[in-house]
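Student: Fold the following.
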Amino acid sequence: QVQLVESGGGLVQAGGSLRLSCAASGRSFAIHPMGWFRQPPGKEREFVAGLIHGGTTVYADSLKGRFTISRDNAKNTVYLQMNSLKAEDTAVYYCASRPAGRNYMLQTSYDYWGQGTQVTVSS
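Tutor: Numbers count the residues shown, from 1 in each chain. Model prediction:
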């Protein structure tokens with residue numbers, strides 16, 4: 001059974017940093033690439049960052065330079081380092097897993113999701 005468990009969310013002041021973790025069990029993300037999405041209050045869920053073939057990282061254009069996705073193969077854990085946080089980064093953040101070869105930006109490409117972790121940035 002595949003499980004994805006996020007952690008690391010919380011309340012942070014604008015300009016601060018947080019690192020989210022997503023521990024995966026039941027599936028190796030070496031074969032099933034991972035991604036991060038977020039859902040701001042009152043808005044639709046959106047793509048944040050992802051890992052594609054060969055460990056290449058991809059990001060939403062608006063987040064490049066502030067967010068970094070990485071992984072620890074030994075721990076089967078994916079991270080999202082978020083720096084210079086802004087109030088508009090406030091959202092529930094989700095990690096997700098998909099079969100290789102699917103479009104990394106589409107939510108429908110992902111077949112397993114974590115429960116989400118709340119990130120609140122105060123201005």
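
Student: For the rest of this, base every contact and every neighbour count on C-alpha atoms.
Tutor: OK.

Student: Find the residue at the geometric middle of this structure.
Tutor: The chain has residue 36 as the residue nearest its centroid, 2.2 Å off, counting by C-alpha atoms, centre = their mean.

Student: what comes up buried for the helix or strand encompassing it?
Tutor: Residue 36 belongs to strand 34-39 when assigned by DSSP states H and E. Using 16 or more other C-alpha atoms under 10 Å as the burial criterion, the residues of strand 34-39 that qualify are 34, 35, 36, 37, 38, 39.

Student: Where does pLDDT dip in the chain?
Tutor: The chain contains no residues with pLDDT under 70.

Student: Tell me where it has strands.
Tutor: Assigned by DSSP state E, the strands in the chain fall at 3-7, 10-13, 18-25, 34-39, 46-51, 57-59, 67-72, 77-82, 91-97, 112-113, 117-122.

Student: Which of those strands sits closest to residue 106?
Tutor: Nearest to residue 106 among these is strand 46-51; the distance by C-alpha to C-alpha comes to 7.6 Å.

Student: buried residues in the closest one?
Tutor: For strand 46-51, a neighbour-count test (16+ other C-alpha under 10 Å) marks 46, 47, 48, 49, 50, 51 as buried.

Student: Could I get the contacting residues of the second one?
Tutor: Residue 47 makes contacts with 35, 36, 37, 38, 59, 60, 105, 106, 107, as judged by C-alpha atoms under 8 Å, 6 or more residues apart in numbering.

Student: what's the answer for the fifth one, then?
Tutor: Taking C-alpha under 8 Å, 6+ apart as the criterion, residue 50 is in contact with 33, 34, 35, 36, 57, 58, 59, 69, 104, 105.

Student: Quick check: the gap between the closest residue to it other than its chain neighbours and residue 87.
Tutor: Using C-alpha to C-alpha, 6 or more residues apart in numbering and skipping residues adjacent in sequence, the residue nearest residue 50 is residue 35, 4.0 Å away. According to C-alpha to C-alpha, to the nearest Å, residue 35 stands 22 Å off from residue 87.
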